[in-house]
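[1] Any chance you could fold what I've pasted below:
(2 chains)
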Amino acid sequence: MAPSATPIDSSPPSTSASVDNNLQPFFVLHKASSGKSERKSTGSGKTRRRIDLSPSLQMNANKLEAKRVEECDDDCYVNLRVEAFEIVWSKIESTIKNVLRDVNTVVFIEIHRWVCQSFNTIMSSRTIAFHEATQAFPIITDASSKQLFTGLVLTKNMEFVDDLLTFEELGLHLRSQRCRVANLSSLDFTVKSGINGCLRSLLRQFLMASLDAPDISILASWYREQGNYGNPVVVIVEDIERCCGSVMSDFILMLSEWVFKVPVILIMGVATTLDAPSNILPSDVLQHLNPCKFTLGTPTERMDAVIEAVLVKPYSGFSVSHKVALFMRNYFARQDGTLTSFIRALKIACVLHFSMEPLSFILGGICSEENEQVLQDGLLQQMVLKHAFDLPSYVRNNTGEHNGEIFYRGLLEMKKLQKHWGIVVLCLYEAGKYDKIRLLDLLCEALDPELHNFRTSDTHTKIEEDPRPFSSNYCCHQQYPVFRKGGFIVRALRKVRDLPIVQLCKLLQRWEELTVDVIKIHEKLKELRPVLKSENDNSSKEDMTNISKRQAARSQLYMEDTKAVYEKATILMECMVRDYMQPIECIPLHEVFCFKNVKKLQSALIGDPRRWIQVDLQESHMILCCRCCSGSGNTLLPTMHDTSIMYNLAQEHGDLINLHDWYQSFKSTVLCPRSKRKQKSKQALSKKRKNLTEPENLSEAAIQARFCSAVTELQITGLTRMPTKRRPDFVQRVAFGL
Amino acid sequence: MEINDGGDDEFGFSRNYFLAKDMAASGKKSTHKLSDINLVDEQELRAEASNVEPKHEREIESLMESYKSLYSKWVFELRCGFGLLMYGFGSKKALIEDFASTALTEYSVVVINGYLQSINIKQVMITLAELLWDQLKSKRRTPSRNLSKAQQPFNTRSMDDLLAFLDGSQVEENDGIVCVVIHNIDGPGLRDSETQQYLAQISSCSHIRIVASIDHVNAPLLWDKKMVHTQFNWCWYHVPTFAPYKVERMFFPLILAHGGSAQSAKTAAIVLQSLTPNAQSVFKILAEYQLSHPDEEGMPIDDLYTVSRERFLVSSQVTLNSHLTEFKDHDLVKTRRHSDGQDCLYIPLASEALEKLLSDMNQ
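    Coordinates of the predicted model:
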């Protein structure tokens, strides 16, 4: 059992040692080598790198330079990119946390208020003498007083994984309000550890100590201590549906007996409906609960809030392409449905981006607003110049001189365009909210470069070229020829026309707030304001229900005015979409910021062993790229991998495979009649292979051994199940098709 | 479009399943017996199996070589806090260990062989904690909080304490990281849900990075969403190696080494040799009865008792029962219900095998 350490040096361990290690349950392969980490840490230090490497580079001859840059590629650039990833991701992560906290703030405050109320109720009904309080047994006055205040938090989400963070935050929030808080999960309520499990976890969190014999009286004496007494004690159980009912009821009974000494207030996360506690707890336990209901925001709300903060508002600098966004949307909607998985997908996209894109280290500097410095660094500039002007988006859009200045200007332009894009998307989203359009859908459409190219290729006038503020010749009734039919953007635009005037007013106000930084649009919106104001005044005086009748009686002129406002608002929005909403993929240098590789993301995010292991076996020759087996089509050749042959043979059987038949067909495949094969592939086969597998050389024992090994390998992959005593001659197939 | 694809897949899968079921039920089920194959001796089979000539050695080698270009990416992802999960056909043991010993020299690496039958996860955690402790100590910048904690040796601490130590605040990147390589995280020694929970908790610790491999197609079923998304945090890599599962399959029985009647007779003879002469004789009575009454379901216990007592082999029912228990424990004898409700004893061997066994015993 004792772990055996192998020597640190990288020379391959001797065979006997490795055999020994193979049979150890675990062993130490090597310890951290201090030498290399020293070297690395020199590289990672940003300031040191500048001092150390930049001058030395200047001294070097030209021919050495390229090599050196290559080397740096491996070493310090990787470190820089890791650093940049950490900066960018921690920024994204904290943004997400803040957003989620904001979404829940209202509920948290509500819960805290209720905790205080409940605590006061408990305290007011308890008046214990000192000698009573110090006794090591509970005080029971009457049955009705053994009530446990219980907050049922409806998560509106079957996936408890999204709410882990919520309850953690709730705990932090309550702690900051002078509550004593412990978070328990379903793992603490298991049959195996019983009531001791949850008690131990409770004591661990409150007393910061692990005890061998947990007892609730310890908690009671802890509560009497200075600093604890007089504060509410809150126990949060994250997911009661997943807890063991009997342990849970024991726990509740125990707490309710001691509620006078330890004023515990329970908070339970409920994923399904309010009757969840009654489903898992017996009625005599339920009597001890004094429930109160709270409701968290829906996953969709949270999702939109997160996307707005992370992908639309230009916070992090990191962005995803249209295809990646589409993939992530589908993954969210069809595969997993949890916000957590979406965030994880984003994180993987982020890490892949930083590991693949050489220039991505710039993002770290941009994030911390020091991009100018980054570019002044001699070595980095070299790197930038080396890679930046090879980027396809740059090559497409530019010709001419290459220097740091151009690159820097490109970055600034990029930042500006991204900001505009975000603003327009948010404006659209504000309008779309009235039509229940989700930001994720809108985002996917807004990122589509093809749609954008289609829109701009249209010959309509641009805002800046148009002398009149709102050209009336452009009519929106033409089914928005420049927008995709049935798209979300079109829906949002159409919604603008259909809004009641009061809501339109609010929307325009919101737009004004959003577009503060884009003067051109902001001005145009301002122009709309007086028109609207007068109308809004008119309409607000009226009772909304009667408006239509009375309006009919009003002058024709007024009607036209209203119509014009709608028209103008819509046209303005359309112009914004056309001129300002430039997807990131249409901007030069976007490769630095934008992750585009859907395939890589998909394979890193969703492993599908069931499918791929079978594909491996089906097409072993494709993966091995061997000349001897390829070109065989569907026929099995004796040169193929044994397990692959066996797998393919198994496909011809039903759910049970007769071992005898399987063996015979394996044998005949392996001993494939030479004459037949010879004629077919005489020329194609290399001499070497012929020498390798002379079928005659194969003894019965060898074939049987190969058969056994292949069956075992299939068993290891879980594709077949071993014969049972009832059916000793058959193995069972487990997987059917990919 | 993708939804339709998904639907087709789903449909294809169920169709394949029912087709396969159908094939089995259509009466075409083969009645061939394993014993029809001229099975070679187990010893010989094992010897052969251990030196099966590998195919495509060159191709496998170049495949492994091609994965080397991914090492830097893998390290990058590990450093960024992800876990690596390797899957695909073929043993990935050599690949991962090569990766660990060439690209992860900066970190301490602990290897867990999940293909073994039993692994003490607490021992693993103690080793991890000790390694981490050494590493932090050598940096001399260890926070004093940890120092005081280490007064208590790791092997007397609880799992929670160990986890808390491994999850301590990160001093500086690279410094306090221990990599855990888990071959076959879905293997028999780690497959139970409790161990998986512990592994998930370990992998979510700030000082730990995990590189693991799976071979079973259903391995992802071991984990719930919390483990997958927040604890293991896998980056999946499809790296088929087609390397033989040499070590992994050591603990699997050879399929052709068990079913054969010759084999059972042989093991039966070995077991019988270790029994007392009286017990052997009782077995002989049963065997002779079975050979002379091939159509019957077995020998009633009472009859066996009577005959054995007549031959002075047993003195009481208790003695007979103790012999029978011995037989049953070694699968030499089984019971089944006779048509008239009585329990019958029989030897689960074919007649020829039984004859051979008797002749062996008489020698």
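
[2] Next to chain B, which bits of the stretch 101-250 of chain A? Give me the list.
    Residues of the stretch 101-250 of chain A lying near chain B by CB under 8 Å from any CB of the partner chain: A:159, A:160, A:161, A:164, A:187, A:192, A:204, A:210. Yep, even glycine has a C-beta here, placed from its N, CA and C like the rest.

[3] Pretty sure the fifth one sits against residue B:197.
    The reference is to residue A:187. Yes: between residue A:187 and residue B:197 there is a contact at 6.7 Å, judged by CB atoms under 8 Å.

[4] what about residue 31, how many neighbours?
    The chain I'm using is chain A. Using other CB atoms under 10 Å in any protein chain shown, residue A:31 is surrounded by 19 other residues.

[5] The intended chain is chain B.
    Counted with other CB under 10 Å, residue B:31 comes out at 9.

[6] One more: residue B:202?
    25.

[7] So it belongs to a strand, correct?
    No: Residue B:202 is assigned helix when assessed by DSSP: H, G, I helix; E, B strand; the rest coil, not a strand.

[8] Correct me if wrong: it contacts residue B:178.
    No: between residue B:202 and residue B:178 there is no contact under CB under 8 Å: 9.9 Å.

[9] Give the buried residues for the helix or strand hosting residue A:577.
    In this assignment (DSSP states H and E), residue A:577 forms part of helix A:556-580. Within helix A:556-580, the residues scored as buried using 16 or more other CB atoms under 10 Å in any protein chain shown are A:562, A:565-580.

[10] That one - what's its average pLDDT?
    What helix A:556-580 shows for mean pLDDT is 79.

[11] helices or strands up against the very next helix or strand once past it?
    Moving toward the C-terminus from helix A:556-580, the next helix or strand (DSSP H and E) is strand A:594-595. Contacts defined by 3 or more CB pairs under 8 Å, 6 or more residues apart in numbering or on different chains; DSSP states H and E place strand A:594-595 against strand A:319-320, helix A:339-356.

[12] would TSV of these with mean pLDDT, distance to residue B:48 and mean neighbour count be doable?
    Output for those, formatted as TSV (pLDDT from 0 to 100; distance: least, CB to CB, whole Å; neighbours: other CB atoms under 10 Å in any protein chain shown):
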stretch	mean pLDDT	distance to residue B:48	mean neighbour count
strand A:319-320	90	54	26
helix A:339-356	91	45	23
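
[13] Which among those is found nearest to chain B?
    Of all the helices and strands packed on strand A:594-595, helix A:339-356 sits nearest to chain B, with 4.2 Å by CB to the nearest CB.

[14] those strands in chain B, which residues are they?
    For chain B, strands defined by DSSP state E occupy the ranges B:83-87, B:108-113, B:178-183, B:208-213, B:234-238, B:299-300, B:334-337, B:343-346.

[15] Could you please name the strands the last one pairs with and the direction of each pair?
    With DSSP bridges as the test, strand B:343-346 is paired with strand B:299-300 (antiparallel), strand B:334-337 (antiparallel).

[16] tell me the domain ranges of chain A?
    As assigned by automatic domain parsing, chain A contains the domains A:1-31, A:126-297, A:302-361+A:399-595, A:609-733.

[17] Which of these sits closest to residue B:20?
    With respect to residue B:20, and counting by CB to CB, the nearest of these is domain A:609-733 at 4.4 Å.

[18] could I get the helices and strands packed on strand A:594-595 as CSV with distance to chain B?
    Output for the helices and strands packed on strand A:594-595, formatted as CSV (distance: least, CB to the nearest CB, whole Å):
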stretch, distance to chain B
strand A:319-320, 17
helix A:339-356, 4
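
[19] Adding distance to residue B:284, write the ones you listed out as TSV.
    Listed next are those as TSV, based on distance: least, CB to CB, whole Å:
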stretch	distance to residue B:284
strand A:319-320	79
helix A:339-356	67
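
[20] Tell me which of the ones you listed sits nearest to residue B:124.
    helix A:339-356 (26.1 Å).

[21] report the angle between the axes of the closest one and strand B:234-238?
    60 degrees (axes from the mean of the first three to the mean of the last three CA atoms, to 10 degrees).

[22] what residue ranges in the stretch 101-250 of chain B score low on pLDDT?
    B:140-152, B:170-175 (pLDDT under 70).

[23] Residue of it closest to chain A, please.
    Using CB to the nearest CB, the single residue of the stretch 101-250 of chain B nearest to chain A is residue B:236, 3.0 Å away.

[24] Any part of stretch A:434-450 near chain B?
    No: Stretch A:434-450 does not reach chain B (CB under 8 Å from any CB); its nearest approach is 13.5 Å.

[25] how long is that stretch end to end?
    This stretch, stretch A:434-450, spans 27 Å end to end (CA to CA, to the nearest Å).

[26] Quick check: buried residues in that stretch?
    Along stretch A:434-450, these residues count as buried under the neighbour rule (16+ other CB under 10 Å): A:434, A:437-449.

[27] Mind putting those into TSV with pLDDT?
    Below are the buried residues of stretch A:434-450 laid out as TSV (pLDDT from 0 to 100):
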residue	pLDDT
A:434	88
A:437	88
A:438	89
A:439	91
A:440	90
A:441	90
A:442	90
A:443	91
A:444	90
A:445	89
A:446	89
A:447	90
A:448	88
A:449	86
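
[28] how does chain B divide into domains?
    B:58-251, B:259-362.

[29] Burial-wise, tell me which of the ones you listed comes out on top.
    The highest mean neighbour count among the domains of chain B, using mean count of other CB atoms under 10 Å in any protein chain shown, belongs to domain B:58-251: a mean of 19.

[30] okay, how far is it across that one, tip to tip?
    27 Å.

[31] I figured residue B:349 hits residue B:269, correct?
    No: using CB under 8 Å, residue B:349 is not in contact with residue B:269; the gap is 10.7 Å.

[32] Overlap in contacts, those two.
    residue B:357 (CB atoms under 8 Å, 6 or more residues apart in numbering or on different chains).

[33] that older thread, tell me which entries of the residues of the stretch 101-250 of chain A next to chain B lie within helices.
    Judged by DSSP state H, those include A:164, A:204 as members of helices.

[34] Switch the residues of the stretch 101-250 of chain A next to chain B over to CSV; also include neighbour count.
    Listed next are those as CSV, based on neighbours: other CB atoms under 10 Å in any protein chain shown:
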residue, neighbour count
A:159, 18
A:160, 23
A:161, 20
A:164, 19
A:187, 18
A:192, 9
A:204, 19
A:210, 16
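
[35] can I get the residues of the stretch 101-250 of chain A next to chain B in CSV with pLDDT?
    Shown next, in CSV, are these (pLDDT from 0 to 100):
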residue, pLDDT
A:159, 77
A:160, 80
A:161, 83
A:164, 86
A:187, 85
A:192, 84
A:204, 86
A:210, 69
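
[36] Distance of residue A:715 relative to chain B?
    Going from residue A:715 to chain B by CB to the nearest CB, to the nearest Å gives 6 Å.

[37] tally of neighbours for that residue?
    When counting by other CB under 10 Å, one arrives at 20 neighbours for residue A:715.

[38] quick one, phi/psi of it?
    The phi and psi torsions at residue A:715 (degrees, to the nearest 10) take the values phi -70, psi -40.

[39] returning to what we had before: could you check how far the helix holding residue A:577 is from the centre of its chain?
    Relative to its chain's centre, helix A:556-580 lies at 39 Å (CA atoms, centre = their mean, to the nearest Å).

[40] how deep is the nearest residue to residue A:666 once chain neighbours are set aside tucked in, by neighbour count?
    Once flanking residues are discounted, residue A:666 sits nearest to residue A:707: 5.5 Å by CB to CB, 6 or more residues apart in numbering or on different chains. Using other CB under 10 Å, residue A:707 has 25 other residues around it.

[41] Check the contact between residue A:707 and residue B:256; I expect there is one.
    Yes: taking contacts as CB under 8 Å, residue A:707 lies within contact range of residue B:256: 6.6 Å.

[42] right, and residue A:441 touches residue A:332 too?
    No: the pair residue A:441 / residue A:332 is not scored as a contact, 11.0 Å apart, by CB under 8 Å.

[43] Just to be sure, residue A:183 is in a strand?
    Yes: assessed by three-state DSSP, residue A:183 belongs to a strand.
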